[in-house]
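Peer 1: show me the folded form of this:
(2 chains)
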2 protein chains.
Amino acid sequence: MFEQVKALVFDVFGTVVDWREGVAREAAPVLAELDRRDIDPRAFADAWRKRYQPAMEECRSGRRAWTRLDVLHRENLDGVLRDHGIDPALLGAAKLDALNKAWHRLDPWPEAVAGLTRLKRRFIIAPLSNGNIALMTNMAKRAGIPWDAILGAEVVQAYKPQPEAYLRTAEVLGIAPAELCLVAAHNNDLAAARQCGLQTAFVTRAAEHGAAQTTDLVASEAWDVVAEDFQDLAHRLGV
Amino acid sequence: MFEQVKALVFDVFGTVVDWREGVAREAAPVLAELDRRDIDPRAFADAWRKRYQPAMEECRSGRRAWTRLDVLHRENLDGVLRDHGIDPALLGAAKLDALNKAWHRLDPWPEAVAGLTRLKRRFIIAPLSNGNIALMTNMAKRAGIPWDAILGAEVVQAYKPQPEAYLRTAEVLGIAPAELCLVAAHNNDLAAARQCGLQTAFVTRAAEHGAAQTTDLVASEAWDVVAEDFQDLAHRLGV
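Peer 2: Below is the predicted model:
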């Protein structure tokens, strides 16, 4: 079944990179500067991330025109600061924009780049993330992620799990949905991709939400491939 | 002035790859199979290419919705075959599609990949071509072109030299036009980019149209950088 797959596309936040630790690392000095060492930077990252799905839902529902994630992240940053009793104006536009770009500077999971480098030998590899083009490009450049192309929400003007996000990605690659495989650490993302006829590969990222994580610890369906990480995925695909 | 440049975007057909020899190489066996060895494969490539600008002009003018280049190339192939008295149906859909993908299998100029590999150390590098995403991705995968992202007409839904093609490319990269430099072997492409506030770099590709080439042999304006090829460009940019 995997013989026909020509391209692997990857969820990124949580699947390729550790957003929680990366955002916490960048938030910590800002919170310290604001004399708010009482706020746990990881909890701050979680609160920022919690506004991610509702912000995209405004676009998915059609209530708002498609808007790139850098803009949504920046609006959400204002919201999460206010939730913590911090007036964003205290930081000023330059510092807010710099903190917002924490999402451009996330580190890959330890084996991710090596695994992708192996997978790239056989497959076209690209992100299929809700992150925008600049975010994905800057992240890859900094971390050495060897993507063949930068695909995702901004290219197809749709946010996962909308079917268009998966189907248009196959279309711009000039391949059938069954020739495309989504790799993700999130069962709901894979379910939406399978619904569109894509192949599916699950990898476990048990620390995405920290040590107390309860979600996505195991595959919830019989995905086409289930792997421990990207090195294991490469091994299972015979690369 | 070049200190501020963060990304180099490249014209591709003629600037990075030799479309004429590549298309001729793929057309030759097809013409032979049709018993039309009287048609010079290079002249066939030139005739196919001649339909390129008029087809895009239909989209630029708004008479036709933006349509990806694979589709325009395929329509143009029918036209150029008919111009040579060949009924496209003689070949059948599969062979026509295979020949159409000649544009996905063009070879880079001899020093191009090495030059790009050097330039990538300092800059984000990406195509800003009228070629579509699948075409650029397949070409890069086959030839080992180390792009950081696949940008261009399909991402911005506009064909060069429309201003939107340059301006939206800067926008999706999250940078100002002056932080973006177009590298091209075509003076008219650079003129349109400069009009939009981009930096400009000219490279000479004196054999793009064969030995008798008369166009674009020299820079027609004082571009920000004028180089012999990509290795020379890397040298001039101090990479």
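Peer 1: state the distance from the residue lying farthest from the centre of chain A to B:Ala45.
Peer 2: Distance from the centre of chain A peaks at A:Asp35, with 30.5 Å (Cα atoms, centre = their mean). In this structure, A:Asp35 and B:Ala45 are 68 Å apart, going by Cβ to Cβ, to the nearest Å. Placement of C-beta: from N, CA and C, glycine included.
Peer 1: and for A:Val155?
Peer 2: For A:Val155, the distance to B:Ala45 equals 30 Å [Cβ to Cβ].
Peer 1: likewise A:Asp18?
Peer 2: For A:Asp18 relative to B:Ala45 (Cβ to Cβ), the value is 49 Å.
Peer 1: next: A:Val23.
Peer 2: 51 Å.
Peer 1: got it, and A:Ala43?
Peer 2: Distance from A:Ala43 to B:Ala45, counting by Cβ to Cβ: 61 Å.
Peer 1: same question for A:Gly22.
Peer 2: Relative to B:Ala45, A:Gly22 is positioned 49 Å away (Cβ to Cβ).
Peer 1: give me the element A:Leu72 is part of.
Peer 2: helix A:69-83 (DSSP states H and E).
Peer 1: follow-up on the earlier one: which one's more surrounded, A:Gly22 and B:Ala45?
Peer 2: Between A:Gly22 and B:Ala45, counting by other Cβ atoms under 10 Å in any protein chain shown, B:Ala45 is the more crowded of the two (24 against 21).
Peer 1: can you pull the residues of chain A lying near chain B?
Peer 2: Within chain A, the positions near chain B by Cβ under 8 Å from any Cβ of the partner chain are A:70, A:124, A:126, A:132-138, A:140-141, A:147-151, A:154-155, A:172-175.
Peer 1: so which of those residues sit within strands?
Peer 2: Counted as lying in strands by DSSP state E, out of the residues of chain A next to chain B, are A:124, A:126, A:151.
Peer 1: verify the contact between the first one and A:Val5 for me.
Peer 2: Just to be clear, that refers to A:Ile124. No - between A:Ile124 and A:Val5 there is no contact under Cβ atoms under 8 Å: 9.7 Å.
Peer 1: rewinding a little: ranking the ones in strands among the residues of chain A next to chain B by neighbours, who comes first?
Peer 2: Among those, A:Leu151 has the most neighbours (other Cβ under 10 Å), with 29 neighbours.
Peer 1: so that one makes contact with A:Asn130?
Peer 2: No - assessed by Cβ under 8 Å, A:Leu151 is found out of contact with A:Asn130, at 11.5 Å.
Peer 1: the residue farthest from the centre of chain A: which element?
Peer 2: Assigned by DSSP H and E, A:Asp35 falls within no helix or strand.
Peer 1: distance check, it against A:Val80.
Peer 2: Distance from A:Asp35 to A:Val80, by Cβ to Cβ: 17 Å.
Peer 1: below-threshold pLDDT in chain A: ranges please.
Peer 2: Low-confidence segments of chain A (pLDDT under 70): A:1.
Peer 1: can you give me the helices in it?
Peer 2: With DSSP state H, the ranges of helices along chain A come out as A:19-33, A:41-50, A:52-60, A:69-83, A:93-100, A:112-122, A:133-143, A:153-156, A:163-173, A:187-195, A:230-236.
Peer 1: the inter-axis angle of the second one versus helix A:69-83?
Peer 2: This points to helix A:41-50. Between helix A:41-50 and helix A:69-83, the angle comes out at 120 degrees (axes from the mean of the first three to the mean of the last three Cα atoms, to 10 degrees).
Peer 1: who are the packing partners of helix A:41-50?
Peer 2: Counting contacts by 3 or more Cβ pairs under 8 Å, 6 or more residues apart in numbering or on different chains; DSSP states H and E, helix A:41-50 is packed against helix A:19-33, helix A:69-83.
Peer 1: so which bits of the first one are buried?
Peer 2: Neighbour-count burial for helix A:19-33 flags A:19-28, A:30-31 (criterion: 16 or more other Cβ atoms under 10 Å in any protein chain shown).
Peer 1: show me what that helix is in contact with.
Peer 2: With contact meaning Cβ atoms under 8 Å, 6 or more residues apart in numbering or on different chains, helix A:19-33 is reached by A:13, A:37, A:39, A:41-42, A:44-46, A:48-49, A:91, A:95, A:99, A:102-103, A:105-107, A:208-210.
Peer 1: what residues sit buried inside stretch A:10-18?
Peer 2: Neighbour counts using 16+ other Cβ under 10 Å place A:10-18 of stretch A:10-18 among the buried residues.
Peer 1: give me the subset of those lying in strands.
Peer 2: Using DSSP E, the buried residues of stretch A:10-18 in strands are A:Phe10.
Peer 1: care to break chain A down by domain?
Peer 2: A:2-18+A:106-236, A:19-104 (automatic domain parsing).
Peer 1: most tightly surrounded among the ones you listed?
Peer 2: domain A:2-18+A:106-236 (a mean of 20; mean count of other Cβ atoms under 10 Å in any protein chain shown).
Peer 1: any idea how far that domain is from the chain center?
Peer 2: Computed by Cα atoms, centre = their mean, to the nearest Å, the chain-centroid distance of domain A:2-18+A:106-236 equals 8 Å.
Peer 1: repeat that for stretch A:64-84.
Peer 2: Computed by Cα atoms, centre = their mean, the separation of stretch A:64-84 from the middle of its chain amounts to 16 Å.
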